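A.B. asks: give me a 3D structure for the following:
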Amino acid sequence: MGNEVALHLSGGVFFNLMLAARKKPVANQNQCLKELLYIYDRSAKEMAGNSLVTIASRFRNCDPDLHSDYIRFGDPVVVEEFNGRMRENYASVVGEVKNYADQYLDLEVNGKWLGKTI
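C.D. replies: Got it, this is the predicted structure:
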């Protein structure tokens, strides 16, 4: 029992679940990723072009070799900035998540299961 590994939901798996819950006609995966990342990291708005297509595909596929200046979940500066926003303006961050869900996700049909799960 000493080799047990704690289960966690990776960003790529979570992103795949969100893509399955997209509104129809299907929202662009690149824009979905960019807007999702922006909630966490304000510099993500700068993502564009072919690099965004590649990053979104590799992130969706849980590519362990994906190293990007735009996906910075472990960056201590980004983490602290996000945590500061959560401490100082929690309602605003929740509002951003709600706006994201309203814009991109179909929580009534395609993603009803996602809303219940989260």
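A.B. asks: what about the helices in this structure?
C.D. replies: Under the criterion DSSP state H, the chain contains helices at 11-20, 29-40, 49-60, 76-88, 90-104, 112-117.
A.B. asks: highest mean neighbour count out of those helices?
C.D. replies: Highest mean neighbour count of those: helix 29-40, a mean of 19 (counted as mean count of other C-beta atoms under 10 Å). Where you see a C-beta, it was placed from the backbone N, CA and C, and this is true even at glycine.
A.B. asks: state the mean pLDDT of that one.
C.D. replies: Average pLDDT, helix 29-40: 90.
A.B. asks: about what we covered before: need the helices of the chain in CSV with distance to Asn3, can you?
C.D. replies: Listed next are the helices of the chain as CSV, based on distance: least, C-beta to C-beta, whole Å:
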stretch, distance to Asn3
helix 11-20, 22
helix 29-40, 32
helix 49-60, 28
helix 76-88, 28
helix 90-104, 36
helix 112-117, 28
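A.B. asks: how long is stretch 18-30 end to end?
C.D. replies: 12 Å (C-alpha to C-alpha, to the nearest Å).
A.B. asks: quick one: closest of the helices of the chain to Asp69.
C.D. replies: helix 49-60 (9.1 Å; C-beta to C-beta).
A.B. asks: list the contacts of the nearest residue in space to Leu37 that is not next to it in sequence.
C.D. replies: Leaving aside its sequence neighbours, Leu37 sits nearest to Ala44 (C-beta to C-beta, 6 or more residues apart in numbering; 3.7 Å). Shown in contact with Ala44 (C-beta atoms under 8 Å, 6 or more residues apart in numbering): Lys34, Leu37, Tyr38, Tyr70.
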